[in-house]
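S.K.: Build me a model from this:
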Amino acid sequence: MSILEVKNLSVSFKQYTTGMKQKELQVISDLNVNLEAGKILAVVGASGSGKSLLAHAILGVLPSNAKISGSMTYAGEELTYSRKIALRGKEIALVPQSVNYLDPLMKVGKQVRTSVRSGDPARKQKEAFERYHLTQKVEELYPFQLSGGMARRTLLSTAVVSGAKVIIADEPTPGLDPAVMKEALRHFRELADSGCAVMLITHDIDSALSIADEIAVFYAGTTVEIAPVADFTGKGEALRHPYSKALWQALPQNEFIPLPGTQPHASSLPPGCLFEPRCPWATAACRKGRPDMRELREGTVRCIHAT
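M.R.: As a prediction, the model looks like this:
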């Protein structure tokens, strides 16, 4: 069952150029994702592909110069800005990429307890800290007294005690030792199995494959493919988009094949398919317009040549 659906999301920012002229920089275009109860959707792609911006758009925390179009629904109803504010931290929780989201003036134990919406806050906070190997004395520390890994584990605790129906984890594992990282990933799986919808934003495809149900591949501010985890195997024969295949084949455990070229900057996007300048399948038709997402072999893809 779908809990949160994003359709044709586009995000642009107004910027000033020389002579105080304004221009709009399109950073996300026609982006689609669907979060379902009981499932984990992992979002992968290069830096600058729009992964974190998607999370910020869902939560309504984009800067004031952002312009948004498209549609977002939560539990079947439009996710307006006022509704985002009402649901944020309650039914939709974020595990942010930056540890600077912690309140520098509040002890971390209290910060976690304030996120608890039902049950005994003290008990839930202690259970979360035990799960993520944070000792009792950490409760009385301020964020500046934590190591990077401890701060990230505190953020994990804040999200998981919230009782949220949707959890968006933006690069939640960097800085964690392998045992804690494995525990955190396992807990995301447990949350999904208990009925939550989880979106895991990560560069670590291996971690995503260990717990996710589907993988959404982002490129230059849009979704190019959404595929079941089972399709990420072998040499990527089951994958649909050439970028997904290249991303898979570039991993060290596969053929470690580099992809020529670079992801285009938002200020210089190609006129047609965003991947066309680097694509081995490209034809003249690819330069005529941006392809729509379409269903193909139990997944979706944005490519006119995919079969």
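S.K.: Who is the spatially most central residue of the chain paired with across the strands?
M.R.: Among the residues of the chain, the one closest to the centroid is residue 201, at 3.1 Å (Cα atoms, centre = their mean). Note on residue 201: beta-bridge partners by DSSP bridges are residue 43, residue 170.
S.K.: residues in contact with it?
M.R.: 42, 43, 51, 52, 54, 55, 97, 168, 169, 170, 171 (Cβ atoms under 8 Å, 6 or more residues apart in numbering). From N, CA and C alone the C-beta is placed, and that goes for glycine too.
S.K.: I'd like to know how far the closest residue to residue 65 other than its chain neighbours sits from residue 84.
M.R.: Residue nearest to residue 65 in three dimensions, not counting chain neighbours: residue 14, with 4.7 Å by Cβ to Cβ, 6 or more residues apart in numbering. Distance, residue 14 to residue 84, using Cβ to Cβ, to the nearest Å: 21 Å.
S.K.: Now do the strands in the stretch 51-200 of the chain.
M.R.: With strands called from DSSP state E, counting those that start in this stretch, the stretch 51-200 of the chain shows them at 66-74, 77-78, 92-95, 166-170, 197-201.
S.K.: in the last one, what's buried?
M.R.: Buried residues in strand 197-201, defined by neighbour count with 16 or more other Cβ atoms under 10 Å: 197, 198, 199, 200, 201.
S.K.: Tell me the predicted confidence for residue 19.
M.R.: In this model, residue 19 is scored at 67, pLDDT.
S.K.: Could you number the chain from 29 rather than 1 from now on?
M.R.: With the count now opening at 29, the last piece we talked about shows up as residue 47.
S.K.: ok, back up a step: residue 281: which of the contacts of residue 229 is nearest?
M.R.: The closest of the contacts of residue 229 to residue 281 turns out to be residue 70 (Cβ to Cβ; 17.2 Å).
S.K.: Could I get the buried residue list for the helix ranked longest in the chain?
M.R.: Looking across the chain with DSSP state H, the single longest helix is helix 206-221. For helix 206-221, the neighbour count (16+ other Cβ under 10 Å) marks 208, 209, 211, 212, 213, 215, 216, 217, 219, 220 as buried.
S.K.: That helix - contacts with which helices or strands?
M.R.: strand 68-72, helix 176-188, strand 194-198, strand 225-229, helix 233-239 (3 or more Cβ pairs under 8 Å, 6 or more residues apart in numbering; DSSP states H and E).
S.K.: tell me the angle of that helix relative to strand 194-198?
M.R.: Helix 206-221 and strand 194-198 are oriented at 150 degrees to each other (axes from the mean of the first three to the mean of the last three Cα atoms, to 10 degrees).
S.K.: picking that back up, now tell me which of the helices and strands packed on helix 206-221 the model trusts least on average.
M.R.: Mean pLDDT values for those show the minimum at helix 176-188, a mean of 88.
S.K.: Run the angle between that one and strand 194-198 for me.
M.R.: Angle of helix 176-188 versus strand 194-198, following the same axes, to 10 degrees, is 160 degrees.
S.K.: any residues touching helix 176-188, and which ones?
M.R.: Contact partners of helix 176-188, identified using Cβ under 8 Å, 6+ apart, comprise 121-124, 127, 129-130, 136, 139-140, 143, 153, 156-157, 159-162, 166, 171, 174, 195, 197, 200-205, 208, 212, 215, 219.
S.K.: mind checking how far residue 266 is from residue 328?
M.R.: Distance of residue 266 to residue 328, given as Cβ to Cβ: 14 Å.
S.K.: So between these two, which is more surrounded?
M.R.: Per other Cβ atoms under 10 Å, whichever of residue 266 and residue 328 has more neighbours is residue 328, with 22 against 18.
S.K.: Would you mind measuring from the residue nearest to the centre of the chain to residue 194?
M.R.: The gap separating residue 229 from residue 194 is 13 Å, by Cβ to Cβ.
S.K.: Would you convert the buried residues of helix 206-221 into TSV that also reports pLDDT and distance to residue 64?
M.R.: Listed next are the buried residues of helix 206-221 as TSV, based on pLDDT from 0 to 100; distance: Cβ to Cβ, whole Å:
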residue	pLDDT	distance to residue 64
208	82	27
209	86	25
211	84	24
212	85	21
213	90	19
215	87	19
216	91	14
217	93	14
219	89	13
220	93	9
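S.K.: which of those residues lies closest to residue 270?
M.R.: residue 213 (28.8 Å).
S.K.: Residue 89: which of the contacts of residue 229 is nearest?
M.R.: residue 83 (8.5 Å).
S.K.: wait, what's in contact with the closest one?
M.R.: Residue 83 makes contact with 122, 196, 198, 227, 229, according to Cβ under 8 Å, 6+ apart.
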